[in-house]
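**Q** Sequence plus predicted model, see below.
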Amino acid sequence: MSTKIISSNRNSEQNILSKKIRVITFEHNYFNMLEEKSRFYSLPSLPYAYNALEPYISEQQLTIHHQKHHQAYVTAANQILEKLDKARKENSEIDMRATLKALSFNIGGHLLHSLYWGNMAPPGKGGGKPGGLLADMIEKEFGSFERFRKEMNDTALTVEGSGWAALTLCRQTNRLIPMQIEKHNVHVYPMFRILFVIDVFEHAYYIDYKNNRGEYLEKFWNIVNWDEVNRRLENALK
Ligand code: MN3
């Protein structure tokens, strides 16, 4: 009897303690969120050298793509955020429609490029077929890796103008669903987790492949970082 009371007291003390820890953790995270993060975007560095994806993507192609094109989206998104900050400070009018349209395009460009660099890896480390959970889910959804690859290729090949092919995960159904993005922000499924992207803006391949999107896509499969795509899948399922 007395042991039970002691143990129940101990349990309630533990509950109070764990509640206190949760509150402290929340306050700590909240403080970090407000104070420690930059309120602007920055260009992430590549997880490999500029010549690491050769012969499939040349050093010149990768350097210009990262330093000029990706940087341009970061710069433009930050300029729009600064414009919003300024208008709020001055309490002045702003064209919300035009501003948010441009913001969506540039934030999309920044985030998709950040995913793109990470889902590529030097030949040898990248390429081949995925393993792990991703392989099982591809088999279940598409029937085979070959069918998956064909659908992703066709998704990328048929983007009208500039855009992206993406593999996404729907958390309501846990299905892998291909997504075709026009520009950086059109035809996006809200809330779906993006696991893998292929950039089919001409700026991604014109130095190496001219206007031959199909040849770039064929070569692209040699440098897919399946380990990273698997990591993204596991994180998305948590
Ligand atoms: Mn690009």
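**A** Happy to help now that I have it. Residues are numbered from 1 along each chain as shown.
**Q** Please identify the residues of this structure in proximity to the ion?
**A** Residues of the chain found near the ion (C-beta under 5 Å from the ion) are 199, 201, 204. Just so you know, the C-beta spots here come from the backbone N, C-alpha and C atoms, and that holds for glycine as well.
**Q** 6 Å - rerun?
**A** Residues of the chain found near the ion (C-beta under 6 Å from the ion) are 65, 69, 113, 199, 201, 203-204.
**Q** in what helix or strand does residue 151 lie?
**A** helix 145-157 (DSSP states H and E).
**Q** which helices and strands sit right next to that helix?
**A** helix 132-142, strand 163-170, strand 175-182, helix 213-220 (3 or more C-beta pairs under 8 Å, 6 or more residues apart in numbering; DSSP states H and E).
**Q** will you turn these into TSV that also has mean pLDDT and mean neighbour count?
**A** Output for those, formatted as TSV (pLDDT from 0 to 100; neighbours: other C-beta atoms under 10 Å):
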stretch	mean pLDDT	mean neighbour count
helix 132-142	98	16
strand 163-170	98	22
strand 175-182	98	17
helix 213-220	98	18
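**Q** Show me what counts as buried in the helix holding residue 151.
**A** Using 16 or more other C-beta atoms under 10 Å as the test for burial, helix 145-157 gives 148-149, 152-153, 155-156.
**Q** just for the chain, where's the confidence low?
**A** For the chain, the stretches flagged by pLDDT under 70 are 1-35.
**Q** Work out which residue lies at the spatial centre of this structure.
**A** Against the mean C-alpha coordinate of the chain, by C-alpha atoms, centre = their mean, the closest residue is residue 115 at 3.7 Å.
**Q** I figured that residue was touching residue 193, is that so?
**A** No: the criterion here is C-beta atoms under 8 Å, and residue 115 misses it with residue 193 at 10.5 Å.
**Q** Count the residues that sit near the closest residue to residue 167 other than its chain neighbours.
**A** Spatial nearest neighbour of residue 167, chain neighbours left out: residue 196 (4.3 Å); criterion: C-beta to C-beta, 6 or more residues apart in numbering. For residue 196, the neighbour count with other C-beta atoms under 10 Å is 25.
**Q** Kindly calculate the angle that the helix or strand harbouring residue 196 makes with helix 213-220.
**A** Element membership of residue 196, judged by DSSP H and E, is strand 193-199. Compare the direction of strand 193-199 with that of helix 213-220 by axes from the mean of the first three to the mean of the last three C-alpha atoms, to 10 degrees and you get 120 degrees.
**Q** buried residues in strand 193-199?
**A** Buried, per 16+ other C-beta under 10 Å, within strand 193-199: 194-199.
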